[in-house]
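1. Sequence and computational prediction follow.
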Amino acid sequence: MNTMHDTSRRDFLKGTLAGAALLRSGRGTGLLAAAEEGAALAKSRVVIAHDALLRGTASTPGSGVDSRRMLALLDRAVQALFDRDRPIEAWKKLVRPGEMVGLKVNTLGGRGISTNPQLVEAICERLQEAGIEAANIVVWDRSSDELERAGFHVSMGGNRVQCFGTDRVDYEQDLVTWGSIGSRLSKILTQRSNVLINVPVLKDHDGAGVTIALKNMYGVIHNPNKYHPDGCDPFIADLNVLPEIRTRMRLTICDATTAMYEGGPAYKPEHSWRANSLIVSQDPVALDSTGWQIIERKRAEHGLKTLEADGRAPRYIATAADAQHRVGTNDPARISTIEI
Amino acid sequence: MYRELDVQGAVSLDVLGDKTLSRCSLDRRSFLKCALATGAALGMSEVAEPAVGAAPWTGQQSPDDSRFVVEAKFYEKLENRKIKCKLCPRECKVGDRERGYCGVRENRGGTYYTVVHSRVCAAHVDPVEKKPLFHYLPGSLAFSIATAGCNVNCKFCQNWDISQSRPEQIPADYAPPQRVVELAKQYSCPTIAYTYSEPVIFSEYLMDTADAGHAADVRSIVVSNGYMQEEALKAAYGKMDAVKIDLKSFSESYYQKVVTGELKPVLDSLVTLKKIGKWTEIVYLMVPTLNDSETEIRGLAQWIKTNLGVDVPLHFTQYHPEYLLKNLPITPVPTLERSKAIADAEGLHYVYIGNVPGHPAQNTYCPKCKRLLVERVGFTASQMLIRNGSCPFCQHPIPGVWHT
């Protein structure tokens, strides 16, 4: 389902201009169609891909994710995002042979609520098909121990996909600064990746409100504990502006196979649900805005207060979208949400 | 594996300043640190070097980490396995598997732990004047230790690489309290100093070490920001023989913007230390244009006079660009001298100028007869004339801890 929003004045103007240009070139199929296409181009796409049978059929229920179905789900999501018929076409828009690709996962929540290894396997498979050598892919987070607790096999060296924490290679010696941030960056980001694919999870956070794409970058720096006051605002937004992050970031694939609407960030099974979904976007702000609303809907289903009423609305999302940051958009009129 | 702390062959960085260079590798940061360490020998205060004897960090987590994990004091349990830390005024509410602002205290299943007990990342034999404490055993040495972590984030921190890091990010040695006491005695240090990073955050370790030291006639002093809750302050710093508090400014806005803390609790701590009779000296790092106005200095001096008395030593020290605050010049000496003149005029008896080698205001003078009582060269007390806590010329009592 393509959820359409009202067209803003700016979108309308952009669409009109694009339509006029097409008319002049003689390629247009009509002003309205061209305007819609122009407006669509200006929007950030967020794809929510769902598979109710991700963990098996009703007759074969299980807690584990089916790897084959996960790959299919990923393909559908990425194809929809890039409007391509075949997954390889989509991935070739993202990466080029010879690039080094870092997959920043989130493993704080252990096996209960961390990035799924099956999802990461699926991404690695498609990256290699797109021409990325296995050894040039690194799956990483802050700590190797946490990676292993989440089900990943730590692996360094050899001609295979790499997987380890920053604890194995340290942080850069020099500080990088922007706004409220002064931090040392993981050498995995700076030395092992020129492309970053963010693979967070979808969950509630007792301080920040929600932790999805933008906050997952806290795992890139040496001192995240300094940036939790005031609902992590403006720290998360400032962090995502750092050129070392921004210039590498190509895609966010949020693992919402299991999600949490309360009690995060540690895993609380009583507050989690099997969403069996992936949320994919190239705009982390739009993705976080969308994810936040999903969590709010689930909170409402369970009779919980909104995050705003609970005093922990994720204000950092709006900050990341403001004129000083421009990491993405949180304006519903500028977000095209595609549910498949 | 973490090694047991050992200082064999590595005596004071300050006493043997040239040997510092031989222990540094040649990457840019180490070079800078060497330069800073050399600067320390010349007068800059309290720059920490990595723990003596520490092996280069391999980045490997060690099962020995469990040796450093001890249940924290000063916290209360909340619902849903959360806790509220009661160590400092920040009162972090910490969820399961998370750490507080300091980065060294972790909630594990609803129980709060310190992960830096006996986890020493810096250890040196320093002159006590380096802390600086000028009215405490002049000319004596302090076996000085630190762990990673801090409960504020001063933009000018000289030791940010340990204070603003998590413990697992920097090399550390295993140094249980008894071992620290043994080393202090081995190096003829009558005192153990908790310093360099922020001892508030390793209070449990500090308390245990102080107890072990006192049982062996070794004293304890602490160099702290004083940003601490009253109960914790009394329990932990009540075990100290002297305290140096870094009062970063006399304005709340500076504390919020530059320190990421609050002024009021620090002032409260100073008053509490006075009430419990703890020998206390105050250091005020003077940052050009940010906390050096005449109004602020006068207000500071008046507050000290009113609340702590005129005999509390006040050290105005020179700022050097570091960490996140590099766009300001070194504090001009005339600025320090002007501040001292203001504090003198307000009636404070012992106002010093620090980090300016050779300045006459690093000496102690009798407030009554104005004669020189303690002469200091760098961090060395070259002349000490105080006898039985009094001026030998006019018998005016000079407050402090003068004799072992």
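-> Arrived safely, thanks for sending.
2. which residues touch residue B:101?
-> A:225, A:226, A:228, A:229, B:90, B:92, B:151 (Cβ atoms under 8 Å, 6 or more residues apart in numbering or on different chains). C-beta coordinates here come from the backbone N, C-alpha and C atoms, glycine included.
3. er, residue A:53 I mean
-> Listed by Cβ under 8 Å, 6+ apart, the contact partners of residue A:53 are A:66, A:69, A:276.
4. Restricting to those, which residues neighbour chain B?
-> Among those, no residue lies close to chain B (Cβ under 8 Å from any Cβ of the partner chain).
5. Sort out which of those are buried, if you could.
-> A:66, A:69, A:276 (16 or more other Cβ atoms under 10 Å in any protein chain shown).
6. In the sheet, which strands lie alongside the helix or strand encompassing residue A:250, parallel or antiparallel?
-> For residue A:250, the host element (DSSP states H and E) is strand A:249-260. According to DSSP bridges, strand A:249-260 has the following sheet partners: strand A:195-199 (parallel), strand A:201-205 (parallel), strand A:272-273 (antiparallel), strand A:277-281 (antiparallel).
7. Figure out which of these is closest to residue B:385.
-> Checking the strands paired with strand A:249-260 against residue B:385 by Cβ to Cβ gives strand A:201-205 as the closest, at 61.3 Å.
8. Contact residues of chain A facing chain B?
-> For chain A, the residues in contact with chain B (Cβ under 8 Å from any Cβ) are A:108, A:143-145, A:167-171, A:173-175, A:177, A:182, A:206-207, A:222-223, A:225-226, A:228-229, A:263-266, A:268.
9. Repeat the analysis, applying 6 Å as the threshold.
-> A:145, A:167, A:168, A:170, A:173, A:182, A:206, A:222, A:223, A:225, A:226, A:266 (Cβ under 6 Å from any Cβ of the partner chain).
10. so who does the residue of the stretch 201-350 of chain B found nearest chain A touch?
-> Chain A sits closest to residue B:324 of the stretch 201-350 of chain B, with a gap of 4.5 Å, by Cβ to the nearest Cβ. The contact partners of residue B:324, by Cβ atoms under 6 Å, 6 or more residues apart in numbering or on different chains, come to A:182, B:155.
11. now residue A:78
-> Applying Cβ under 6 Å, 6+ apart, we find residue A:78 in contact with A:87, A:90.
12. can you do 10 Å?
-> Going by Cβ atoms under 10 Å, 6 or more residues apart in numbering or on different chains, residue A:78 touches A:47, A:49, A:84, A:87-91, A:93-94, A:122-123, A:126, A:251, A:253, A:278, A:280.
13. what's the answer for residue B:305, then?
-> By Cβ under 10 Å, 6+ apart, residue B:305 lies in contact with B:311, B:312, B:343, B:346, B:347, B:348, B:349.
14. Any of those buried? List them.
-> Buried members of the contacts of residue B:305, counted by 16+ other Cβ under 10 Å: B:311, B:312, B:343, B:346, B:348, B:349.
15. Could you list which of those residues belong to helices?
-> Secondary structure from DSSP state H places residue B:343 of those in helices.
16. Just to be sure, which of the buried ones among the contacts of residue B:305 are found in strands?
-> Among the buried ones among the contacts of residue B:305, no residue falls in strands (DSSP state E).
17. Next, format the buried ones among the contacts of residue B:305 as CSV and append distance to chain A.
-> Formatted as CSV, those follow (distance: Cβ to the nearest Cβ, whole Å):
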residue, distance to chain A
B:311, 37
B:312, 32
B:343, 32
B:346, 35
B:348, 35
B:349, 39
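18. got the buried ones among the contacts of residue B:305 as a markdown table, with pLDDT columns?
-> As requested, those are exported to a markdown table (pLDDT from 0 to 100):
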| residue | pLDDT |
| --- | --- |
| B:311 | 98 |
| B:312 | 98 |
| B:343 | 98 |
| B:346 | 98 |
| B:348 | 98 |
| B:349 | 98 |
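19. Spell out which residues of the stretch 251-400 of chain B are next to chain A.
-> By Cβ under 10 Å from any Cβ of the partner chain, the residues of the stretch 251-400 of chain B that approach chain A are B:260, B:323, B:324, B:325, B:326.
20. Closest one of those to residue B:370?
-> Of all those, residue B:325 has the smallest distance to residue B:370: 36.9 Å, by Cβ to Cβ.
21. In chain A, mark out all the strands, start to finish.
-> Ranges of strands in chain A, per DSSP E, are A:2-3, A:44-50, A:101-105, A:137-141, A:162-165, A:176-178, A:181-183, A:195-199, A:201-205, A:209-211, A:249-260, A:272-273, A:277-281, A:335-339.
22. related to what we said a few turns ago, name the member of the contacts of residue B:101 that has the highest neighbour count.
-> residue B:151 (27 neighbours; other Cβ atoms under 10 Å in any protein chain shown).
23. quick one: that residue from residue B:99, how far?
-> As judged by Cβ to Cβ, to the nearest Å, residue B:151 and residue B:99 stand 12 Å apart.
24. Check residue B:171 too.
-> Going from residue B:171 to residue B:99 by Cβ to Cβ gives 20 Å.
25. How about residue B:67?
-> Counting by Cβ to Cβ, the gap from residue B:67 to residue B:99 is 18 Å.
26. Counting neighbours, go ahead and name the busier of these two.
-> A direct count of neighbours by other Cβ under 10 Å for residue B:67 and residue B:99 places residue B:99 higher, at 22 against 14.
27. Run through the residues that contact the more buried one.
-> A:224-225, A:228, B:85, B:92, B:105-107, B:112-113, B:115, B:149, B:166.
28. Just the buried ones from the residues you listed, in ChimeraX syntax?
-> Burial among the contacts of residue B:99 is assessed by 16+ other Cβ under 10 Å; the matching ChimeraX selection reads:
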select /A:224,225,228 /B:85,92,105,106,107,112,113,115,149,166
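29. how many other residues sit next to residue B:307?
-> As a burial measure, residue B:307 scores 13 neighbours (other Cβ under 10 Å).
30. Please name the nearest non-neighbouring residue to it.
-> Leaving aside its chain neighbours, residue B:307 sits nearest to residue B:271 (5.6 Å; criterion: Cβ to Cβ, 6 or more residues apart in numbering or on different chains).
31. quick check, that neighbour in a strand?
-> No. Using DSSP: H, G, I helix; E, B strand; the rest coil, the assignment for residue B:271 is helix, not a strand.
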